[in-house]
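Colleague: 3D, please:
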Amino acid sequence: MKKIIGFIMLAVMCVSFAGCGSKEEAKVFDTSKEIAVILYDNDEYNSSVKDSFAENLNKAYTAQKLNISVKNAKGDDNELEKIVSKISPENTLFAVPVGIEAARAAYKSFGGQIPIFFANVANPVLEGFMADKSTPSNTTGVLSTVPANYVFNNFLNSIGSSSVGHIGIIFNTSEITPMESTNYFKRYLDLNSYYYTESVVSNTLEAQQAASKMAYKASSGSSVVGENVSADGAASKKYENRQDGANMLYLSDDSVVRGSVKEIAHALAGSDFYIYVSNPEDIVGKNFISLKPTSVSMGKNLADMAAQYLNGTSIQLLPCRTADEFDEFAYLDKNSSSENTNTQDNNAQNSTSQNQ
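Modeller: Numbering: from 1, shown residues only. Reported below is the predicted structural model:
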């Protein structure tokens, strides 16, 4: 009897070890089903994202030929509604809406029924596409935002070997997405031990006054040396912002501050402040700088996420990402005057993309 029991246990152990050594079979997709890429219109930027996505997905996933189908509503809301209503979950691997209009329509039509990989969306949580950007359910993608480290590193690159001087932040608290970006930037400065002055404004006059005060502080103030103490009382870090250093002003992307950029530019006309704005359209004067994700990088990162999904990674393990290359837009003074009305097309000059 002991020998029989021993033999049975040995057989069970062999089966168990054999199971432990086996690999879970990767999910096999029917690639005859389409990958539905959705565009709202012929916007050049989003079209470039689409091209980059398709090109890089075909490079990243070579196991089978993919059926990538592009659907363009050409700026017609009714046509967009028709397009998404005709997308069949049974015949679609996943949807790729590029731009906020396409993403809204796709999520409204079949959110939860098929995976959605969006591109060029600022805040998918605020839009209701997902509960948290880091823990997707059936929707994820590449954000249009510029991470705080890229913003600040671009400033550091622009000043070369100079020390960091005064850092100012002007913002209004009424809008969720701009406030979120502002808080990310402040948190980045805190974590890296940079001192800054912040000013909450509710109208254009307050924004202009805040900029004037920051300019005065930078020109007449002293170097700032001190310590940042974390909320939990952990070891503090020393910071030093020098009086003779290069100065930076971060302007929030909220409507109050955006509506005040000309007045802020006027207040800082005689200063050397590096002024960061989130939207290239807000470049209205000397030293104004903006960053925007390159369409190629956005499409490539989205393709990488989609390829991981096709290779067996659960979409729930693919949190939202940002691009990792950014174009810098700077003031282009064609008429030797910073008083001109400037837009991305005529006075904001695009320069080399930033890899940081």
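Colleague: Quick check, central residue of this protein?
Modeller: T145 (2.6 Å; C-alpha atoms, centre = their mean).
Colleague: can you pull the contacts of it?
Modeller: T145 is in contact with 122, 181, 322, counting by C-beta atoms under 8 Å, 6 or more residues apart in numbering. The C-beta positions use only the backbone N, C-alpha and C, and glycine is treated the same way.
Colleague: host element of it?
Modeller: Following DSSP states H and E, there is no helix or strand that holds T145.
Colleague: which residues in this protein form helices?
Modeller: 2-21, 44-60, 77-85, 100-110, 148-159, 176-191, 204-220, 255-258, 261-267, 295-310 (DSSP state H).
Colleague: Arrange the ones you listed in JSON lines, one row each, with mean neighbour count and mean pLDDT as further columns.
Modeller: What follows is these, written out as JSON lines (neighbours: other C-beta atoms under 10 Å; pLDDT from 0 to 100):
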{"stretch": "helix 2-21", "mean neighbour count": "9", "mean pLDDT": "40"}
{"stretch": "helix 44-60", "mean neighbour count": "19", "mean pLDDT": "97"}
{"stretch": "helix 77-85", "mean neighbour count": "15", "mean pLDDT": "96"}
{"stretch": "helix 100-110", "mean neighbour count": "21", "mean pLDDT": "96"}
{"stretch": "helix 148-159", "mean neighbour count": "17", "mean pLDDT": "95"}
{"stretch": "helix 176-191", "mean neighbour count": "17", "mean pLDDT": "95"}
{"stretch": "helix 204-220", "mean neighbour count": "18", "mean pLDDT": "90"}
{"stretch": "helix 255-258", "mean neighbour count": "19", "mean pLDDT": "98"}
{"stretch": "helix 261-267", "mean neighbour count": "21", "mean pLDDT": "96"}
{"stretch": "helix 295-310", "mean neighbour count": "23", "mean pLDDT": "98"}
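Colleague: Minimum distance to F118: which of those has it?
Modeller: F118 lies closest, by C-beta to C-beta, to one member of these: helix 100-110, at 4.4 Å.
Colleague: Please list the outside residues in contact with that closest one.
Modeller: Against helix 100-110 from outside (C-beta under 8 Å, 6+ apart): 38-41, 73, 80-81, 83-85, 87, 89, 95, 97, 116, 118, 120-122, 124, 127-129, 139, 141.
Colleague: Backbone torsions only: list them for the residue nearest to the centre of the chain.
Modeller: Per-residue torsions, T145: phi -80, psi 160 (degrees, to the nearest 10).
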